[in-house]
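Engineer: Need the 3D shape of this:
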Amino acid sequence: MDAKRLIDHLNTPRWRAYRAFPRKTRDRIQQAIRDSERTHGGELRFAIEAGLGVLALLKGATSRQRALDVFARLGVANTRHASGVLVYVQLVDHCIEIVADRGISAKVPQDEWDGICRRMESAFRAGDFETGSLAGIAEVSALLARHFPAGGVNPDELPDRPVVL
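Structural biologist: Alright, predicted model coming up:
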């Protein structure tokens with residue numbers, strides 16, 4: 001376990017996520033997700049976390065492992081057509097992870113998701129969380145629309161509102 005990482009996470013309050021993603025930004029992300037889901041058969045969730053908890057840190061959890069936990073916890077894996085996608089933002093480690101359910105990951109390779117993450121991280125490093133998030137959602141949406149176009153019945157199975165953990 002890295003002592004500096006532990007201290008950084010434990011000294012980062014949850015409100016930091018609200019500072020980086022104020023209500024106006026979360027509202028725009030929600031609207032972007034809502035608009036996006038009309039163009040494809042996927043379901044998007046957007047989760048923001050300032051720092052990891054003590055237990056996760058003591059276990060040496062990576063941002064990817066935490067994203068997988070959040071994916072399950074938020075029910076992204078429970079969509080009818082295995083079409084859930086989680087965009088997970090972890091502020092302390094400056095990491096973004098995209099986790100796609102099995103139906104999607106069978107058609108979209110992880111390196112495409114990773115490219116979106118790196119572009120979002122670049123915008124975030126410049127302090128532009130809103131633009132980076134909206135651009136990332138647009139890229140995810142384009143991939144989903146290409147591989148999973150909207151069909152007849154397209155229920156909204158997951159909340160569109162970004163969640164701050």
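Engineer: quick one: contacts for the closest residue to residue 13 other than its chain neighbours?
Structural biologist: Excluding its sequence neighbours, the residue lying closest to residue 13 (C-beta to C-beta, 6 or more residues apart in numbering) is residue 50, at 6.6 Å. Bear in mind the C-beta positions are built from the backbone N, C-alpha and C, glycine included. With contact taken as C-beta atoms under 8 Å, 6 or more residues apart in numbering, residue 50 is in contact with 12-17, 91-92.
Engineer: Confirm that residue 87 sits in a strand.
Structural biologist: Yes - counting by DSSP: H, G, I helix; E, B strand; the rest coil, residue 87 is found in a strand.
Engineer: Now for residue 9: which residues touch it?
Structural biologist: 51-53, 57, 92.
Engineer: Among these, which ones are in helices?
Structural biologist: residue 57 (DSSP state H).
Engineer: Which of the contacts of residue 9 are buried, as a ChimeraX select command?
Structural biologist: In ChimeraX syntax, the buried subset of the contacts of residue 9 is picked out as below (16 or more other C-beta atoms under 10 Å):
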select :51,52,57,92
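Engineer: Among the contacts of residue 9, give me the pair with the biggest separation.
Structural biologist: 53 and 92 (11.5 Å; C-beta to C-beta).
Engineer: count of neighbours near residue 18?
Structural biologist: When neighbours are defined as other C-beta atoms under 10 Å, residue 18 has 15 of them.
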